[in-house]
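Student: With the input below, show me the fold.
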Amino acid sequence: MRAVTGEPTVESRVTTPIAQGRTAEVYSLDAQHVLKLYREWCPPEWVAYEAETAKTIAAAGIPTPAVADIVDVGNRRGIIYERVTGISMLVDLKTRPWTILHHARELAELQSRFHRLSIAGLGSYSRSLAHAIEGAPHLSEALRARSLELLAALPDGKALCHGDFHPDNIIVTANGPVVIDWMTAKAGNPWADVARTSMILTIGIAAAPIGLLLRTFSRLFHSAYLRRYRALAPEPDDQRERWTPIIAAARLAETIAHEREALLHIVEEAVGGG
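Tutor: The predicted structure follows:
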């Protein structure tokens, strides 16, 4: 790891982020590199995990930005990535809505591709979901206990799961799509990963303050994505519906206020109240 605190060549570029999320901000460094800088509250092991995971996944042939270095900037730690020229699939969908079916199939094809991989050293997706359910603040104790029982009864797996796979984590480039943000990558059942993607494309969109046209397009996108994934699925036994209430219970730990009611409804229906 190379500490860069006090080096103006890096810190001078950490001014206005070009993208940001809950756990990190992205800054432009130069024509070849960007810096994904985690927020101060994020533990350093998250950074190391993402960097090592991204390196391994790139070596396995999945299109993802190359890791250049792990750096410290002040009290924050980040990863310098190869700069990828393009826009997110989500932005492309908004600006070119006629690409909806193409991108839906592309999303499914990418996901089915990495679901055929098994990467050594990844944490367990099932254990990660259990941890999230245990900490979800809006689950009653009865719902929590029943959700954990349902999770324990589901088949685990060793497939590479992204853990947060959706159109905003795909960069559309001239050379094809590139997958980013492997911080939540785990080894697990691929249908759990599909259930998470499906939930983002349905509950996440439905609860968001968007127009009727975009909501209609999102339903079409979701339907085309599922149809294509099922045709390519490495595990043909469709278990998405069995994983859906587990994913909903775990997603409650993210405290996304506008999704809370819909997520609770899914969990309550699956466990018979609580």
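
Student: host element of Ala68?
Tutor: Assignment of secondary structure by DSSP states H and E places Ala68 within strand 67-73.

Student: From the chain's centroid, how far away is that strand?
Tutor: 21 Å (Cα atoms, centre = their mean, to the nearest Å).

Student: What strands line up against whatever helix or strand comes next after it, and which way round?
Tutor: Of the helices and strands lying after strand 67-73 in sequence (DSSP H and E), the nearest is strand 76-82. Sheet partners assigned to strand 76-82 using DSSP bridges are listed as strand 33-38 (antiparallel), strand 67-73 (antiparallel).

Student: Can you get me a residue count around Ala108?
Tutor: Neighbouring residues of Ala108 were enumerated by other Cβ atoms under 10 Å; the total is 22. (Glycine included, C-beta is placed from N, CA and C.)

Student: which non-adjacent residue is nearest Thr16?
Tutor: Counting by Cβ to Cβ, 6 or more residues apart in numbering, Tyr27 is the residue found nearest to Thr16 once chain neighbours are left out, at 7.9 Å.

Student: in the chain, which spans are helices?
Tutor: Counting by DSSP state H, the chain forms helices over residues 8-11, 44-59, 89-95, 100-114, 125-135, 141-153, 190-199, 205-206, 212-232, 240-251, 260-271, given from the N-terminal end onward.

Student: out of these, which comes closest to Ile80?
Tutor: Within those, the stretch nearest Ile80 is helix 8-11; the backing value is 8.6 Å (Cβ to Cβ).

Student: Looking at that closest one now, give me its mean pLDDT.
Tutor: Computed over helix 8-11, the mean pLDDT rounds to 62.

Student: go on, stretch 158-170?
Tutor: Computed over stretch 158-170, the mean pLDDT rounds to 96.

Student: Might you list the low-confidence residue ranges for this protein?
Tutor: Residues of the chain that meet the criterion pLDDT under 70 lie in 1-10, 12, 206-215, 272-274.

Student: Can you pull up the most central residue in it?
Tutor: The C-alpha lying nearest the average C-alpha coordinate of the chain belongs to Asp164 (Cα atoms, centre = their mean; 1.5 Å).

Student: Find the nearest non-adjacent residue to that one, please.
Tutor: Looking at Asp164 with Cβ to Cβ, 6+ apart, the closest residue is Thr184, at 4.8 Å.

Student: so who does that neighbour touch?
Tutor: Thr184 makes contacts with 128, 162-164, as judged by Cβ atoms under 8 Å, 6 or more residues apart in numbering.

Student: Could you provide those in CSV, with additional columns for distance to Glu149?
Tutor: Supplementary listing: these in CSV, determined by distance: Cβ to Cβ, whole Å:
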residue, distance to Glu149
Ser128, 17
His162, 26
Gly163, 22
Asp164, 25
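
Student: now for the residues you listed, which pair is the farthest apart?
Tutor: Those two in the contacts of Thr184 that are separated most widely, counting by Cβ to Cβ, are Ser128 and His162, at 12.2 Å.

Student: Give me the distance between Gly86 and Ala104.
Tutor: Summarising the geometry, the distance separating Gly86 from Ala104, computed by Cβ to Cβ, to the nearest Å, is 18 Å.

Student: out of these two, which sits in the more crowded spot?
Tutor: In this view Gly86 and Ala104 are compared by other Cβ under 10 Å, and Ala104 has more residues nearby, 24 against 16.
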